[in-house]
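Participant: predicted coordinates and the sequence they were generated for:
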Amino acid sequence: MPEHKAKTLRLILGDQLNAEHSWFKETDPSVCYLLMEVRTETDYATHHIQKVIAFFAAMRRFAEWLRSKGHKVIYIRLDDKQNRQSFEENIAELVAWHGFTRFEWQLPDEHRLDTTLAKMAKALGVPTAVYDTGHFMSTRTELAEFFEGKKTYLMESFYRYMRRKHGVLMDGDGPLTGKWNYDESNRKKMPAAHVPPPPLEFENDTTAIYAMITEAGIKTIGQVNSAAFPWPVNAEQAVLLLEHFVTHCLQLFGTFQDAMTPTYWSLYHSRLSFALNVKLISPQQVIKRAIEEWRKRPEEIAFHQLEGFVRQIIGWREYMRGIYWLKMPDFAQLNYFNHTEKLPEWYWTGNTRMRCLQHSIKQSLQYAYTHHIQRLMVTGNFALLAGIAPDEVDAWYLGIYIDAIEWVEITNTRGMSQYADGGIVGSKPYVSSAAYINKMSNYCSGCYYKHDKRTGERACPFNSLYWNFFDRHEKPLKSNHRVAMMLKVWNNMPQEERTKTLQQAEYYLKNVNEL
Ligand SMILES: Cc1cc2nc3c(=O)[nH]c(=O)nc-3n(C[C@H](O)[C@H](O)[C@H](O)COP(=O)(O)OP(=O)(O)OC[C@H]3O[C@@H](n4cnc5c(N)ncnc54)[C@H](O)[C@@H]3O)c2cc1C
Ligand code: SF4
């Protein structure tokens, strides 16, 4: 670690690569920025190789950018000899050996790091200060304040509050078009012959980082072409991806938001989640640009496409973050249905005959990405129906996706997808039989299993597991009016049919690794 004369040490975490932060407005020779690649971060989950590469590549580019602007930077690489492989130890050592007289950091997005850094700062023995990251459109506690005294946390209410607060698509106090929600215009199946725009993939050379990760023996999953790494790793590439999205995808974003196909891995989604989560780009910038494009091409971009997108960014994303800070750390222990099963082995390989799962998992391993409905209604749906322990499900989601950072992973997985929170995030469990998957995708037509069979040979596992789920959890679900209808259908089914269905489900659950 080099000698220097700076007095203040400022920590920048791997997901705090915000070039617009107030810290960087001026260069100050008495300030030194610190970025580090450490084993505590690479090893807290089994991450996708693309995720580890993306973080390190983006951090290295950010450090280069800082230096190019005249800032002092200490960058500790994973294979640096003096690297103590943890934030606390590296910082303590730098402060002690290099005479820093002040330590500053930005509020981490993760509860784990929030606690660790606050504790460490207290013990450092020098004055410290913590700053906001300046990234989000609501504060950590704003959702808690908004819902104070309320028993439920409806995303729609928070979304409308955010639209009003930031004056996004508003006409006075009401929505610009007189309507807040366009969900019913969105979410269509994609015709089999429809060809989505080819994705914008970058060709970043990350071979050196890949070699270093391999050499260090870090356990990862998935595949990568490190010579042509496709994800954005700096602010310029994030902007190019945003431009690609507004130019080619926004016009059908809402329409095909929930569509699934085995033919293409990238449809009309923005794939901006990694860039957003590490703060290479801001939510304000993203929605401003989308709105600008809609104003430019109103004939081509219907309002419901835009609204569907804005809702994801200033609705769902900010909402999940607010829920995280309101409910952590207890949220990470919730297990409403007391599910205890292990994740089937094929979640790590995609080697299952169920085509929807096979494709979604193999795509995840290849690209570190699937879109929301594949995560929610294929992999998440099956895990919930099969009674998998939420810890197992969380570990899988936290590892496999390029954008997986706990605040947005756990609220979506344990909350929205697994209903382990008993309805904090969603008002009902997101479970479905093959009917939904067949309605929204082209998976079922080429599948080994028959989507229209509930029992017997080659009956689709989703069908019996779906009813088995309602049968097993009738007690906790009885008071939920959103699923009352399904419970009624189940209870009115002829006894013989019910017995056959439960036997089929039991067989599948016993042989889950062979499906
Ligand atoms: C089980 C499960 C786990 C998930 N884990 C993650 C995760 O680890 N990290 C993550 O960023 N998202 C997660 N999501 C939310 C969502 O699936 C991804 O944000 C989205 O698929 C990213 O792709 P995109 O950028 O193409 O999104 P788009 O469809 O283009 O949406 C635009 C942006 O809106 C935001 N957004 C959309 N939906 C959500 C949501 N439900 N919660 C929060 N933000 C949202 C994202 O920032 C996204 O980039 C998860 C969803 C589920 C069901
Ligand atoms: S038939 Fe069942 S398992 Fe096969 S793709 Fe359809 S929903 Fe998935």
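Facilitator: Ah, there it is. Ligands and ions are numbered 1, 2, ... in the order given.

Participant: residues in the chain within reach of ligand 2, list them.
Facilitator: Within reach of ligand 2 by CB under 6 Å from any ligand atom, the chain has these residues: 354-356, 434, 437-438, 443-444, 447, 449, 451, 460, 462. The way it works is simple: take the backbone N, C-alpha and C, and place the C-beta from them, glycine included.

Participant: in JSON lines: those residues, plus secondary structure, pLDDT and neighbour count.
Facilitator: Output for the residues of the chain next to ligand 2, formatted as JSON lines (DSSP: H, G, I helix; E, B strand; the rest coil; pLDDT from 0 to 100; neighbours: other CB atoms under 10 Å):
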{"residue": "Met354", "secondary structure": "coil", "pLDDT": "98", "neighbour count": "23"}
{"residue": "Arg355", "secondary structure": "helix", "pLDDT": "97", "neighbour count": "22"}
{"residue": "Cys356", "secondary structure": "helix", "pLDDT": "97", "neighbour count": "29"}
{"residue": "Ala434", "secondary structure": "helix", "pLDDT": "97", "neighbour count": "24"}
{"residue": "Ile437", "secondary structure": "helix", "pLDDT": "96", "neighbour count": "25"}
{"residue": "Asn438", "secondary structure": "helix", "pLDDT": "96", "neighbour count": "20"}
{"residue": "Tyr443", "secondary structure": "coil", "pLDDT": "95", "neighbour count": "23"}
{"residue": "Cys444", "secondary structure": "helix", "pLDDT": "96", "neighbour count": "20"}
{"residue": "Cys447", "secondary structure": "coil", "pLDDT": "97", "neighbour count": "21"}
{"residue": "Tyr449", "secondary structure": "coil", "pLDDT": "98", "neighbour count": "19"}
{"residue": "His451", "secondary structure": "coil", "pLDDT": "97", "neighbour count": "20"}
{"residue": "Cys460", "secondary structure": "coil", "pLDDT": "98", "neighbour count": "26"}
{"residue": "Phe462", "secondary structure": "helix", "pLDDT": "98", "neighbour count": "28"}
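
Participant: looking at those, which is nearest Leu385?
Facilitator: Checking the residues of the chain next to ligand 2 against Leu385 by CB to CB gives Phe462 as the nearest, at 6.8 Å.

Participant: contact partners for Asn480?
Facilitator: Counting by CB atoms under 8 Å, 6 or more residues apart in numbering, Asn480 touches 423, 427-428.

Participant: do Ala368 as well
Facilitator: Applying CB under 8 Å, 6+ apart, we find Ala368 in contact with 48, 50-51, 54, 222, 231, 400-402.

Participant: at 7 Å instead, please
Facilitator: In this structure, Ala368 makes contact with 48, 50-51, 222, 400-402, judged by CB atoms under 7 Å, 6 or more residues apart in numbering.

Participant: which one of the contacts of Asn480 is nearest to Met493?
Facilitator: Met493 lies nearest to Lys428 out of the contacts of Asn480, by CB to CB, at 20.1 Å.

Participant: am I right that the closest one sits in a helix?
Facilitator: No. Under DSSP: H, G, I helix; E, B strand; the rest coil, Lys428 falls outside any helix and is assigned coil.

Participant: any idea how far the nearest residue to it once chain neighbours are set aside lies from Tyr419?
Facilitator: Spatially, and ignoring its direct neighbours in sequence, Lys428 is nearest to Arg482 (4.0 Å; CB to CB, 6 or more residues apart in numbering). Arg482 is 11 Å from Tyr419, where distance means CB to CB, to the nearest Å.

Participant: ok, and what's touching stretch 326-333?
Facilitator: By CB under 7 Å, 6+ apart, the residues outside stretch 326-333 that reach it are 111, 143-144, 410, 414, 421, 424.

Participant: wait, doesn't Phe55 sit right on Gly14?
Facilitator: Yes. Using CB atoms under 7 Å, Phe55 is in contact with Gly14, at 4.6 Å.

Participant: these two - which one has more neighbours?
Facilitator: Comparing Phe55 with Gly14 by neighbour count (other CB atoms under 10 Å), the higher total belongs to Phe55, at 24 against 19.

Participant: now the strand or helix carrying the more buried one: average pLDDT?
Facilitator: For Phe55, the host element (DSSP states H and E) is helix 49-68. Averaged across helix 49-68, pLDDT comes to 98.

Participant: what residues of it count as buried?
Facilitator: Neighbour counts over helix 49-68 (16 or more other CB atoms under 10 Å) mark 49-63, 65-66 as buried.

Participant: by contact count, what packs against that helix?
Facilitator: Contacts defined by 3 or more CB pairs under 7 Å, 6 or more residues apart in numbering; DSSP states H and E place helix 49-68 against strand 31-36, strand 72-76, helix 207-216.

Participant: which strands border the second one, and is each parallel or antiparallel?
Facilitator: In this case it means strand 72-76. strand 31-36 (parallel) (DSSP bridges).
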